[in-house]
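1. how does the following fold in three dimensions:
(2 chains)
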Amino acid sequence: MLDALAPFYMEIKLLHILAVMVWLFSTAVGYQNYVVPAFKAWLANPDDQQAIAMRNLAIERFDKGVILEHVAFPVIMVTGPVLWGLSGYGAESDWFLLKLLIVFGVFLPIEVADYYLSHFGGNKRRYRLAGDAAEYERHIVLHWRFLVSVTWPILFFGVFVVGLAVLKPQFG
Amino acid sequence: MLERVFSSIGHYRVYAIGLSILLAVYLIGGFLLAKALLTDDAYTLSVLQVAGFSLATVMFAWIHIRSMKRLDTPKSAPPPPD
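-> Predicted coordinates:
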């Protein structure tokens, strides 16, 4: 099968890079300009009904908007190994080894949690429609704790991985 | 389980330092182990590389603490304690 894909290496690489761009940046504007201000306003006035409503709207819309990122991630995880198989890079390439460690040890666990929080057991809209106010609130707070905890690691390692892929450094 | 993993307000330092050390051990240890198992090269870190990684780990933790505190700071209030 790899032989059949070999003539399309550059096209697969293009798809991979576009998916990485979407995965890295599709939530940035929504997060920075809607989710963060809404949660900060709620933290300042936790009993203010308008602040609570804005917070809830922001995170539910974020759950919906993150679908782009969550479509891009599987595209990355499929095209990546194909590129690996076609390119011949292996453990001798320091940058490649480090990149794989970051992808599977940092990004994958974060994305598993992210999928859960936005679409599966942690989806807030589901609890709102079911009228379960306690679970709704619990999952909103949990999602915020998650976002606070992973913002910097994602920012750092996201840019770092792109740097590794482009610059392809050897450390030894 | 997720609630245990992610830091609650006020435990930034412990969380960030623990996470940074875990990541450093995983990345450096994983890298060296993979090199030993998958290549013929015996890869050892130089003193400069160890110093560089240590500094990077400290910087990562420091920025992570600042990031979390900033995100958890209400619009018009001082940042929470560590």
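2. tell me who's in contact with the closest residue to residue A:144 other than its chain neighbours.
-> Leaving aside its chain neighbours, residue A:144 sits nearest to residue A:39 (5.6 Å; criterion: CB to CB, 6 or more residues apart in numbering or on different chains). Every C-beta, even on glycine, is put in place using the N, C-alpha and C of the backbone. Contacts for residue A:39 (CB atoms under 8 Å, 6 or more residues apart in numbering or on different chains) come out as A:55, A:58, A:59, A:144, B:71.
3. which SSE is the third one in?
-> Using DSSP states H and E, residue A:59 falls within helix A:49-65.
4. list the helices and strands the helix ranked longest in chain A packs on?
-> Counting residues, the longest helix found in chain A (DSSP state H) is helix A:133-167. Judged by 3 or more CB pairs under 8 Å, 6 or more residues apart in numbering or on different chains; DSSP states H and E, helix A:133-167 is in contact with helix A:9-25, helix A:49-65, helix A:94-102, helix A:108-119, helix A:124-130, helix B:2-5, helix B:12-38, helix B:47-71.
5. helix, strand or coil for the closest residue to residue A:96 other than its chain neighbours?
-> Leaving out its chain neighbours, the residue that sits closest to residue A:96 by CB to CB, 6+ apart is residue A:89, at 4.5 Å. Here residue A:89 is recorded as coil under DSSP: H, G, I helix; E, B strand; the rest coil.
6. assign the residue of chain B most remote from its centre to helix, strand or coil.
-> The outermost residue of chain B, judged against the average C-alpha position, is residue B:40 (29.8 Å), by CA atoms, centre = their mean. Look at residue B:40: counting by three-state DSSP, its state is coil.
7. try the one 3 residues further on
-> Secondary structure, three-state DSSP: residue B:43 is coil.
8. how about the residues of chain A by chain B?
-> A:36-37, A:39-41, A:43-45, A:90-92, A:94, A:97-98, A:101-102, A:105-106, A:113, A:116-117, A:122, A:142, A:145-149, A:151-153, A:156, A:171-172 (CB under 8 Å from any CB of the partner chain).
9. for residue A:24, see how far away residue A:169 is.
-> Using CB to CB, to the nearest Å, one gets 20 Å for the distance from residue A:169 to residue A:24.
10. what about the two, which has more around it?
-> Taking other CB atoms under 10 Å in any protein chain shown, residue A:169 and residue A:24 do not tie; residue A:24 has more neighbours (18 against 11).
11. state the distance from that one to residue B:62.
-> Plainly put, residue A:24 is 23 Å away from residue B:62 if you go by CB to CB.
12. before we move on, what about residue A:123?
-> Residue A:123 is 34 Å from residue B:62, by CB to CB.
13. which one of the two has more residues nearby?
-> More crowded of residue A:123 and residue B:62, by other CB under 10 Å: residue A:123, with 18 against 14.
14. about what we covered before: make a PyMOL selection of whichever of the residues of chain A next to chain B turn out to be buried.
-> The following PyMOL line selects those of the residues of chain A next to chain B that are buried, judged by 16 or more other CB atoms under 10 Å in any protein chain shown:
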select buried, chain A and resi 36+39+40+41+43+91+94+97+98+101+102+106+113+116+117+122+142+145+146+147+148+149+151+152+153+156
